[in-house]
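[1] Below: sequence and its predicted model.
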Amino acid sequence: MTRTTERRQPPEHFPGRYWHALGDGRIQCDLCPRDCKLHEGQRGLCFVRKCEQNQIVLTTYGRSSGFCIDPIEKKPLNHFYPGSSVLSFGTAGCNLSCRFCQNWDISKSREFDRLCDAAMPEDIARAASEYGSPSVAFTYNDPVIFLEYAVDTAKACHEAGIHTVAVTAGYIHEEARKEFFAHMDAANVDLKAFTESFYHKLCVGHLQPVLDTLRYIRHETDCWLEITTLLIPGYNDDADEIRAMCRWIRTELGADVPLHFTAFHPDWKMMDVPPTPSSTLRRARRIALEEGLVHVYTGNVHDPEGGTTFCPGCGLALITRDWYEILQYRLTDDGHCPQCGRAIAGRFGPFHGAFGNRRLPVRMNRGS
C-alpha cells in the first residue's frame, strides 16, 4: 500500500538532546552509557547522532528503513491488546554491537540511502489511523538512538488516540530514559543474557544499565513491560544462568511480567553457531515456571503450549496461540479469567478477531 498525501519534509539534521561540551573542543553524547566523545563532524557508535556546529544532531529524524503492519504478537507482546495490529517502523543504526544481531542489515547500516521512506510524526499517526492499527511500534533498530523522532511521533500518536510501543535493548541513561518511557504505552525489552561477560564480549556493552531500565519501567512508569531473551546455544542457554535471571525477574520486577524465550538463527558475525533447538526453549520455559514466573512463552517455533496464556489461578487456557496466530480467545473484555475471575496482568479490551500471521508493507511517499 502507498500513501500519497502532501506532507512536510524531514529536516536534514535535527537538534539532539542529552549532550554537553567537554571544554576541549569535543562534545559528549549523554543519551546512553556509551558516552561517545566526539570532535566536529564525528558520529557516535550508533552512527545516527553526530557532532555538528558544537552540538549533537540526529541525522535520521523523519527517515525510515520501512513501514509495515504486523501482529502485535510479533514484537513480541502477548499481553498488550492481543490480536491487534501495529504499524511498525525503524530507522538505522544501533548503540550496541551485538555479534548475533538478527536485524543487522538495518541496525548496522551505514548507508542512509536505505532510509527510503520519509515520514514526519503526524504522518505516521495518520497512517496508523487510516489503516486501522491501534498502535505504532518503534522497532527493527533500537528507538532510543532516535529518541527525539520517537518522542515526537509518540506525542502525535497519542493526540490521535494511537498507542505507542518500544522494542528496545534498554541501553539508555537515566535522564533520557525518563523522557523516552514517559511517552511509551508498552515496551518489550531485550534482556540479552544475565552475565556481564556476555554483554561485554558479544554486545560491547554492560548488563547493569539494562537491569536499571527494567526496574525503572516496571516501578516508575505506566508503560506495560514484557521481556525477551534470545537463547544462543553455548552462550546464554545454561540452566543455572536462566534460573538466576528468572529469579531476578520474579524478585525485582514481579512474577507476572511476561518473559519470551526466542530461538537464535545463524546471522551477522555468528554464522558458525547452530540454531537454537526448540527443546532448549521448552526447557527454559520449564525453569522459568519452576522459579515462579506465571507468563512464560516460547517464540520463533511452533509450540502451542509455549504460546498459550494460562490463568495463574485456575490454569484455564485463556489465549491459545501457535506462532502469531490466535486459535482461541477466552479473556473477558476487561482482562479477567471467565472461569475463576482472576485479573490477568496486561492491557486488554474487546476482542474482535485477530490480525493474524500477516505482514502488510506500507509505503510512504519517497523522501529526499
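    The structure has been received and is ready for your questions.
[2] C-alpha from now on. contacts and neighbour counts both.
    Will do.
[3] Where does the prediction get shaky in the stretch 251-368 of the chain?
    Applying pLDDT under 70 to the stretch 251-368 of the chain flags residues 365-368.
[4] measure the residue lying farthest from the centre of the chain to H79 for me?
    Relative to the centre of the chain, the most outlying C-alpha is that of D24, 36.4 Å out, by Cα atoms, centre = their mean. Plainly put, D24 is 49 Å away from H79 if you go by Cα to Cα, to the nearest Å.
[5] try A317
    14 Å.
[6] likewise E122?
    For E122 relative to H79 (Cα to Cα), the value is 27 Å.
[7] same question, E291
    20 Å.
[8] which of these two has more neighbours?
    H79 (24 against 19; other Cα atoms under 10 Å).
[9] Might one say that the more buried one is in contact with G349?
    No - using Cα atoms under 8 Å, H79 is not in contact with G349, being 10.6 Å away.
[10] Check the offset of stretch 189-206 from the chain's centre.
    16 Å (Cα atoms, centre = their mean, to the nearest Å).
[11] From start to finish, how long is that stretch in a straight line?
    Stretch 189-206: ends 15 Å apart by Cα to Cα.
[12] Would you mind listing the buried residues in it?
    189-194, 198-199, 202-203, 205-206 (16 or more other Cα atoms under 10 Å).
[13] hang on, F89 in a strand?
    Yes - judged by DSSP: H, G, I helix; E, B strand; the rest coil, F89 forms part of a strand.
[14] Let me know the secondary structure of the nearest residue to it once chain neighbours are set aside.
    Using Cα to Cα, 6 or more residues apart in numbering and skipping residues adjacent in sequence, the residue nearest F89 is F67, 4.7 Å away. Following three-state DSSP, F67 is assigned to strand.
[15] F67: neighbouring residues, count only.
    F67: 21 neighbours (other Cα under 10 Å).
[16] next one: the one 3 residues further on
    Around D70 there are 24 other residues, counting by other Cα under 10 Å.
[17] now R17
    The number of residues near R17, taken as other Cα under 10 Å, comes to 16.
[18] Now it: phi and psi?
    For R17, the backbone dihedrals (degrees, to the nearest 10) come out as phi -110, psi 170.
[19] and it, how far is that from F180?
    Per Cα to Cα, R17 is found 12 Å from F180.
[20] now do T91
    T91 is 16 Å from F180, by Cα to Cα.
[21] out of those two, which sits in the busier spot?
    T91 (31 against 19).
[22] pretty sure the more buried one is touching L58, no?
    No - between T91 and L58 there is no contact under Cα under 8 Å: 11.2 Å.
[23] so who does C36 touch?
    By Cα atoms under 8 Å, 6 or more residues apart in numbering, the contact set of C36 is 28-30, 44-45.
[24] Got the confidence number for it?
    Looking at C36, its pLDDT is 98.
[25] Would you check how far apart it and N95 are?
    10 Å.
[26] and L225, what element?
    strand 224-231 (DSSP states H and E).
[27] Which SSE is immediately downstream of that strand?
    helix 239-248.
[28] before we move on, the earlier item: which residues are in contact with the strand holding L225?
    76-77, 80, 185-193, 217-218, 237, 257-264, 276, 281, 346-347.
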